[in-house]
Structures are given as structure tokens and as C-alpha cells.
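>>> starting from these lines, generate the structure:
(one chain, ligands or ions: 2)
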Amino acid sequence: MVSAGARPRNGLHWARRGLQIGVILLAILIPVSGVFRIDPVDGAFVVLDRQIWFADFFIVFGFWLAVASGLVLTYSWLGTAFCGWACPQNTLSEWSNHLMRKLLGRRAELTLDGERVKVAAAKDKALNWLALGLIFLVTAMFFALIPLFYFYAPDIVWSFITLRDDARLAPSIHYIYSIFVIILFLNIAFIRHFFCRFMCVYKVWQHGFKTKQTLHVYYDASRAAECAKCNLCVTSCFVGIDPKKTETFDACVVCGECITACNNLHAKKGKSGLLKFEVGERASDKARQFKNNVATIFGRVRWTLPITAFGVAMFAWGLWDYAPHHLSVYRAQDVGVMQPQNYRINVVNKMYHPAQFKVSIAGLTPRQYHLSAHDLAMQNIGRADVLLNITPDLAPGIYPILVTVSASDGWQETQRIQHVVTKG
Ligand code: SF4
Ligand code: SF4
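Residues are numbered from 1 along each chain as shown. Ligands and ions are numbered 1, 2, ... in the order given. Modelled structure (predicted):
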């Protein structure tokens, strides 16, 4: 009979796998759902189908304030947990290691100390190498598609995938995609955790916020005798460190694999492992540990959370108050191509869907002006001009004119111009 204590304790491991997969799905869903992407034609950010300009101050500033303070809070509280739990580079590296072990044997690993890959004799077959190469290539081709979703709407990416001619695709897109595939293939096949260990600037940046209180692996040294003939936690660590000696500045990405390994080892004896996660100063007594944790979390949250909340509030306000269209009226001498009695009424649709507009003029009688159009229809984001031509035979004087543009979605804006007519 299997005792309750012998049940494997893989909750941490599967929680991490779930989050890693969730992050990749999110990276695809964010642009596909229109939550965020980049418009390469206008060189603008797109949030919830809205084109964001620098003039949309609350959205731009609120977003950066919330993200920057939220990340600082995360780094100083959770350290490099992003690397272990969310970073796609690590997810792909772990997956490639796993696949390689499956196809080429348990000891076929790209180790960070540069040892040669040890392929099991029984698995050293051309078919296994070919399968490995093909799976890596297909994976690279799939992941290289994700950045495209940040620059093109899903139907355009679909045109690209199905090799259909689409004028909306940049002419160089096939070259750019091919370069992406090559880089990703080399990364999955050869680089993997070498990037994390030796090249990742983002990890160094996160380290800058780590302190002794940041989330780390705690080792119960009072039970050190139980480690006499065991090295399991060290072999389960994919960044190649000893989890019993985690320091403030080491390569630990708090993935928890060592904790799971030790817990499973001790579960057979109905005991808990010697390793666990801890926030706050390292302390042996439980009451002090709890106090430390609460004090650490509160200390960090107290300063950053109000700033994050303020940023989120600004961002939400910016979206609520967002102007979906824009009106500007230029005098003829400003644009330099028309007579002084002419004006250019410029209407912009900032939304990525159709819009209808009505243009009206107040302050002049109908016979004193002519509009090139009273109605405008735009199928997508874009801008259009309506020309206002004022009759040249007006008596000298100042004519205050109101130009009003209203959209079918309820938006309306009025701009006042002063038309001056001088003698002669
Ligand atoms: S897995 Fe646990 S028992 Fe084994 S060496 Fe590591 S901490 Fe000690
Ligand atoms: S020491 Fe443990 S938690 Fe840290 S990276 Fe290694 S396995 Fe993950």
C-alpha cells in the first residue's frame, strides 16, 4: 500500500509549467486580440484597437508608470523569478534539453560547463538526430511567427502563412522571417541556457534590485546530516548551482525544481524536504521567519504599490477619456499651396474600424463658403481632408467661423478660426 506521505509533491513543478505555457499563450493572445500591437505604417502603438499618440498622455504615462513600478516591485520581491517562471527563452531551453534527453539519452545534455554531449549508444541513430533537427526547425518556424502578430493584424499574418499575395505585407518580410527562424533554430539547438548565463542583460538588470530579503531557496542546515549521500537537488538544478548555498547574487532563478526534488525524496519517508522558498532575512525560527516575511512584503509594497495603482488609474482614465478621432483646421498660408481664403479641414480616424463623419460650418451663410464634402466615410484608421473655400467677395472685417465635425459614434469636436478680410 502506498502511504499518504509517499505521494509525489509536484504541485510547484506543474504550477511553473502552467505559468510558462500561459505566458507563451498570452504573448500570442495580446496582439491577436488587439490588446496591444505596433502599427509599422504609422509608427504608433495600438491599444485595444486605438492608435495611441503622445498626446494621449494619460495612457502613455500611466502605462509606463504602472509597468516600471510594477516591475521594480516584482524584482525586489521575487528577484529573478521572471526567468524561472515566465521567460520564453528559459521555457524553450528547458523544453529543448528535455527533448534532447528523450531522443538521445538521459545524459545527452548541453551543460553550462561546456562538457561534450554524451549520446546513449542505443539512441545514436540518424533517425533520432533527424527527428530532433526537424522538431527544432518546426518550433523555430512557429515561434518566429509570434513577433509578426505584433506588427500585423491576424488576417495579414494568415496571408503570410498561406503564402497569399498581400499588399499590406512589407516586401522584405520573408527575409526578416527567415533570419528570425535561423536565429531561433540556433538558439534552441545550441545556445539555450548559455544565453541566460552569459548574455542576458535583462537578468543582470533584475539582479540589481535583489537584496537579502528577496525570494530565495532556504536550506534547513539543522538537518544537513540527511544530505550525506545525496546530490539530487544539485543535479536537478538546470542553472548548475548548489541550492543549499544560494546567495543574494547567484544564478538561481527560483524555479523550485530543487525543492520539488528534495520534497519527493523525503515524501517516501513521510517527511518534508530540506529546501523551501523564503522571503525575508534567513531565519531558523518559524515565528521570526513569518514576521520577517510580512515586514519585507509590507516594506516593499508600501512604496511601489501606490505608484503602480496611480499608473493603472491614469491608464484606465486615459482609455475612458480617449478621443477616437481628431480634428485640425489649417489656414492656406500654413500649408502653402492654396489661396488665403481656403482652409484644409483634416479629420483623423484613430480607431482600427470604419467611421462616418459630418462636417458643418457656422458663422457664414451657405452662399459665403463652399465645402468639398459634407460627409466623410473611412473604412479603417486614416486621415482625410475637406477643403473649405470662402468666397473672396466678403466685406472687410473679422469673421469668427466654427468648424464642427461629428462622428457616427457620438464624438464631436469644434474648432474656431478667425477669417480676416482686409481692404483691396
Ligand atoms: S535533495 Fe535534499 S537531501 Fe538531497 S542534498 Fe539536496 S537538500 Fe540534501
Ligand atoms: S537552485 Fe533550485 S530554485 Fe534555484 S535555479 Fe537551481 S533548481 Fe531552481
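>>> what strand or helix carries the nearest residue to residue 81 once chain neighbours are set aside?
Once flanking residues are discounted, residue 81 sits nearest to residue 254: 4.8 Å by Cβ to Cβ, 6 or more residues apart in numbering. Backbone N, C-alpha and C define where each C-beta goes, glycine included. Following DSSP states H and E, one finds residue 254 outside all helices and strands.
>>> any idea of the pLDDT on residue 254?
Turning to residue 254, the model gives it a pLDDT of 94.
>>> from residue 90, how far out is it?
12 Å (Cβ to Cβ, to the nearest Å).
>>> looking at the two, which is more packed in?
A direct count of neighbours by other Cβ atoms under 10 Å for residue 254 and residue 90 places residue 90 higher, at 25 against 22.
>>> ok, the residue nearest to residue 81 touching residue 79?
Yes - if you go by Cβ atoms under 8 Å, residue 254 and residue 79 touch, sitting 6.0 Å apart.
>>> and for those two, which residues touch both?
Jointly contacting residue 254 and residue 79 under the rule Cβ atoms under 8 Å, 6 or more residues apart in numbering are 215, 216.
>>> show me the strands in this structure, by range?
Using DSSP state E, the strands found in the chain span residues 36-39, 44-47, 50-52, 216-219, 275-278, 325-331, 342-349, 355-362, 369-371, 375-378, 382-390, 397-407, 412-421.
>>> mind giving me JSON lines with those and columns for mean neighbour count?
Output for those, formatted as JSON lines (neighbours: other Cβ atoms under 10 Å):
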{"stretch": "strand 36-39", "mean neighbour count": "16"}
{"stretch": "strand 44-47", "mean neighbour count": "19"}
{"stretch": "strand 50-52", "mean neighbour count": "20"}
{"stretch": "strand 216-219", "mean neighbour count": "22"}
{"stretch": "strand 275-278", "mean neighbour count": "18"}
{"stretch": "strand 325-331", "mean neighbour count": "17"}
{"stretch": "strand 342-349", "mean neighbour count": "21"}
{"stretch": "strand 355-362", "mean neighbour count": "17"}
{"stretch": "strand 369-371", "mean neighbour count": "16"}
{"stretch": "strand 375-378", "mean neighbour count": "15"}
{"stretch": "strand 382-390", "mean neighbour count": "17"}
{"stretch": "strand 397-407", "mean neighbour count": "16"}
{"stretch": "strand 412-421", "mean neighbour count": "14"}
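>>> possible to save these as a markdown table with mean pLDDT and distance to ligand 2?
Shown next, in a markdown table, are these (pLDDT from 0 to 100; distance: least, Cβ to the nearest ligand atom, whole Å):
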| stretch | mean pLDDT | distance to ligand 2 |
| --- | --- | --- |
| strand 36-39 | 91 | 30 |
| strand 44-47 | 91 | 35 |
| strand 50-52 | 92 | 38 |
| strand 216-219 | 92 | 5 |
| strand 275-278 | 92 | 7 |
| strand 325-331 | 91 | 50 |
| strand 342-349 | 93 | 50 |
| strand 355-362 | 96 | 52 |
| strand 369-371 | 93 | 68 |
| strand 375-378 | 95 | 53 |
| strand 382-390 | 93 | 50 |
| strand 397-407 | 95 | 54 |
| strand 412-421 | 92 | 56 |
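>>> count the neighbours of the one residue in the stretch 1-150 of the chain that gets nearest to ligand 1 for me.
Going by Cβ to the nearest ligand atom, ligand 1 is nearest to residue 9 of the stretch 1-150 of the chain, at 12.6 Å. By other Cβ under 10 Å, the residues close to residue 9 number 18.
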